[in-house]
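Student: What would the 3D arrangement of this be:
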Amino acid sequence: MSANKRKYAEALDTIQDHDSWNYRLPKLARMSQVKLEDIDGVIQFDGQRNPSSRSATSNKIFFTYKTAANEWLPKVGIAESAAEAAVGLQLVMSKNVFDVEFQPLTIKYNNHHGHPKLHTFDLRVTFNNGYRRLLFVRYRQSLERPSTIRQIQQIIDATSGQEADDIMIVNADQYSRQRRDNIFRMHHFVFHPDAEADEELMSAGRRLTSLYFMKDLFPHVSVSAPRAFAACNRLVAKKFFRANLDNVLWENSHLELVE
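Tutor: Okay, here's the model as predicted:
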């Protein structure tokens, strides 16, 4: 057998799995967007762009949320990443926010080559005083690229002041996986209220001089531990208690009274 044929045969005898030579996720073919049918009692997604097509690099998040603008009726939201969803749901929980819109506005701008492009903002928040803010959510690695810096400035220059009062750039790296999970859990508990449990936990938090862990509150309230845990999550969301959200928010979490 010639040398070339022998090397070829040896290569065939050694089978290497995909992960040993290509560490990236396999690139998937693009699929069409997911279009939800009407849901009884739920306001449909009304963003300018449906970001739900399949991606190998980002997680598409579907959820429902409630705001005063929608008379507290559930509305479908779609986010292009878990960080984007966490930013939006954190705003939804704020007592100062009137409305949050996902994929709210598409604008036309010219890139540095002069070519026309489209950009859809990730979020628009309307505060109770009527002030409106557009949000641009990206990870730090992307934000530090010169091309992204130029793109952001071009987008800002092309955005009409009638659409919002200002534009904020959000570093998605500040929303770690654990922080995102905590926000999603707090959002669930905030919209499943329990006024009795909240009042008992607030009262116990004001009384105790030795408060350190969340579980220190549980013996001082009459509600069950699951209700107390849910109340603690709501009170962290409402900024009555302070906790490190980059760690798991659970009974052994360190809580501080904000008041």
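Student: So which residues lie in contact with stretch 135-148, not counting its own?
Tutor: If you take CB atoms under 8 Å, 6 or more residues apart in numbering as the criterion, stretch 135-148 is touched by 81, 83-84, 87, 121-125, 149, 152, 155, 167-173. No exception for glycine: its C-beta is placed from N, CA and C like everyone else's.
Student: Now do the residue nearest the centre of the chain against Leu135, distance only.
Tutor: Of all residues in the chain, the one closest to the mean position by CA atoms, centre = their mean is Ala86, 2.0 Å from it. Separation of Ala86 from Leu135 (CB to CB, to the nearest Å): 12 Å.
Student: Repeat that for Glu200.
Tutor: 36 Å.
Student: Stretch 238-255 spans what distance, first to last residue?
Tutor: The stretch stretch 238-255 measures 13 Å between its terminal residues, going by CA to CA, to the nearest Å.
Student: List the buried residues in that stretch.
Tutor: Buried residues in stretch 238-255, defined by neighbour count with 16 or more other CB atoms under 10 Å: Lys238, Phe240, Phe241, Ala243, Leu245, Leu249, Ser253, Leu255.
Student: before we move on, the earlier item: surely the residue nearest to the centre of the chain and Ser176 touch.
Tutor: No: in this structure, Ala86 is not within contact of Ser176 by CB atoms under 8 Å, at 9.6 Å.
Student: among the buried residues of stretch 238-255, which are in strands?
Tutor: Under the assignment DSSP state E, the buried residues of stretch 238-255 contribute Phe241 to strands.
Student: hang on, His187 in a helix?
Tutor: Yes: counting by DSSP: H, G, I helix; E, B strand; the rest coil, His187 is found in a helix.
Student: Quick one: residues contacting it.
Tutor: Applying CB under 8 Å, 6+ apart, we find His187 in contact with Tyr65, Leu89, Val92, Met93, Ala237.
Student: Drop the exposed ones from the contacts of stretch 135-148 and show what's left.
Tutor: 81, 83-84, 87, 121-125, 152, 155, 167, 170, 172.
Student: Next, format these as JSON lines and append distance to His112.
Tutor: Output for the buried ones among the contacts of stretch 135-148, formatted as JSON lines (distance: CB to CB, whole Å):
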{"residue": "Ser81", "distance to His112": "25"}
{"residue": "Ala83", "distance to His112": "27"}
{"residue": "Glu84", "distance to His112": "25"}
{"residue": "Val87", "distance to His112": "28"}
{"residue": "Phe121", "distance to His112": "20"}
{"residue": "Asp122", "distance to His112": "22"}
{"residue": "Leu123", "distance to His112": "25"}
{"residue": "Arg124", "distance to His112": "26"}
{"residue": "Val125", "distance to His112": "29"}
{"residue": "Ile152", "distance to His112": "12"}
{"residue": "Ile155", "distance to His112": "12"}
{"residue": "Ile167", "distance to His112": "19"}
{"residue": "Val170", "distance to His112": "23"}
{"residue": "Ala172", "distance to His112": "24"}
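Student: Columns distance to Pro219 and pLDDT on top of the residues you listed, output as TSV?
Tutor: Formatted as TSV, the buried ones among the contacts of stretch 135-148 follow (distance: CB to CB, whole Å; pLDDT from 0 to 100):
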residue	distance to Pro219	pLDDT
Ser81	41	91
Ala83	37	94
Glu84	40	95
Val87	36	97
Phe121	48	96
Asp122	44	95
Leu123	41	97
Arg124	45	97
Val125	39	98
Ile152	51	93
Ile155	54	94
Ile167	48	95
Val170	40	96
Ala172	39	95
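Student: Cross the residues you listed against helices and list the overlap.
Tutor: Using DSSP state H to define helices, the subset of the buried ones among the contacts of stretch 135-148 located there is Ala83, Glu84, Val87, Ile152, Ile155.
Student: residues in contact with the fourth one?
Tutor: Counting by CB under 8 Å, 6+ apart, Ile152 makes contact with Phe136, Ile169.
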